[in-house]
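[1] Have a look at this prediction, sequence included:
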Protein chains: 2
Amino acid sequence: MNSDFTLAIHSLTFLALQPDRMSTSDSISESAGVHPVRIRKVLSLLKKHGFIKSKEGIGGGFIFGLDLSEVNLWDIYKITSEGALKPKCPESNENCIVGANMQKVLCSIFFGAEEHMGEYLKDYTIKEVVDLVKKSQ
Amino acid sequence: MNSDFTLAIHSLTFLALQPDRMSTSDSISESAGVHPVRIRKVLSLLKKHGFIKSKEGIGGGFIFGLDLSEVNLWDIYKITSEGALKPKCPESNENCIVGANMQKVLCSIFFGAEEHMGEYLKDYTIKEVVDLVKKSQ
DNA sequence: CAATCTGTAATGATTACTATTACAGTACGT
DNA sequence: ACGTACTGTAATAGTAATCATTACAGATTG
């Protein structure tokens, strides 16, 4: 799994703590320790799905668009990383009963595993993550 | 996630269908569509944990060491891929409340997610995978 | 219109993953 | 004893995924 999922959580948590003003990709990237372009790419996705708003130009940046408890980690996972659990299977042998059928069996198992993990991730909203971050201070 | 997990499942399923004779890494690799050395590497791990037996020399190969329903996918996941869910976080900024604490918060969430997925994977033994493969024929 | 931001494409660097080669060690058959 | 057919594993090379960086167009403000 790439780190878009964690960067998205990091960014949203950052924005959650600055509810009244816009934050620039530079300030978020400084907090997360990655390049600002990467932040803009991830946040561009989140914006497309309505979680945040952005504004260009002087005084612009990003700001939360919804209530903190309306956004949970499964929502974010689906946007940034859906399918990441399933490893790409190589072309296996169609003449072998295992090779011919394993891929579809594994796909259905991995799909179920992801859905199941989703039930866990749904229990964490950004509000809860914010609380955890504050508490672990 | 790399494909050691799926290769392990593939190999064990293959062995499950050849319960009376040893299978070589060549025959398994042919079924899975990867290089035999890779199969030997994965099976070496499984052997170390007692799931299979191996024998060198003529007539040698790999064979299942336990009952098919004694081995479930969570066992295999733990051996081959534990921690694969958690993306490597970059060094984030210690001077920022988010940067300083996000990593440990995310680690605990990802750990929980993996454990939760484990509960799902425990429900699939190799026996069940074999049945699914047979059924989807 | 200059300054400061987002948005995004394109390129290069780095790291993870996989294939391949090479060879030592083991077991079997003759 | 010796050749053959295996596993076991290290080392190297090739490929793919990930990430950083550069570049620049478009938007907004003063």
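    Looks like it arrived, so ask away. Numbering: from 1, shown residues only, chains lettered A, B, ... in the order given.

[2] Check the gap between the most far-flung residue of chain A relative to its centre and B:Arg38 for me.
    Largest separation from the mean C-alpha position in chain A: A:Asn95, at 39.6 Å (C-alpha atoms, centre = their mean). Using C-beta to C-beta, to the nearest Å, A:Asn95 is found at 20 Å from B:Arg38. Just so you know, the C-beta spots here come from the backbone N, C-alpha and C atoms, and that holds for glycine as well.

[3] Give me the below-cutoff pLDDT ranges for chain A.
    Counting by pLDDT under 70, chain A contains no low-confidence range.

[4] wait, does the one helix or strand A:Phe62 maps to make contact with DNA strand C?
    Counting by DSSP states H and E, the element that carries A:Phe62 is strand A:61-64. Yes - using C-beta under 7 Å from any atom of the strand, strand A:61-64 reaches DNA strand C at A:61-62.

[5] Point out the other elements, helices or strands, that the helix or strand following that strand touches.
    The element immediately downstream of strand A:61-64 (helix or strand, assigned by DSSP H and E) is helix A:73-81. Applying 3 or more C-beta pairs under 8 Å, 6 or more residues apart in numbering or on different chains; DSSP states H and E, we find helix A:73-81 packed against helix A:4-16, helix A:36-48, helix A:97-121.

[6] roughly how far apart are the residue of chain A found nearest DNA strand D and B:Thr6?
    At 2.7 Å from DNA strand D, A:Gly57 is the closest residue in chain A, using C-beta to the nearest atom of the strand. A:Gly57 sits 48 Å away from B:Thr6, going by C-beta to C-beta.

[7] near DNA strand C, which residues of chain A show up?
    So chain A meets DNA strand C at A:24-26, A:36-37, A:40-41, A:43-44, A:47, A:54-62, A:87-88, A:90 (C-beta under 7 Å from any atom of the strand).

[8] Out of the residues you listed, which end up buried?
    Among the residues of chain A next to DNA strand C, those buried by neighbour count (16 or more other C-beta atoms under 10 Å in any protein chain shown) are A:25, A:40, A:43, A:54, A:61-62, A:87, A:90.

[9] Report the two of those residues separated the most.
    Pairwise distances across those peak at 44.2 Å for A:Gly61 and A:Pro90 (criterion: C-beta to C-beta).

[10] Now do the SS call for A:Lys127.
    helix (DSSP: H, G, I helix; E, B strand; the rest coil).

[11] before we move on, which element is A:Ile28 in?
    helix A:25-32.

[12] Give me the contact status of that helix with chain B.
    Yes - using C-beta under 8 Å from any C-beta of the partner chain, helix A:25-32 reaches chain B at A:30-32.
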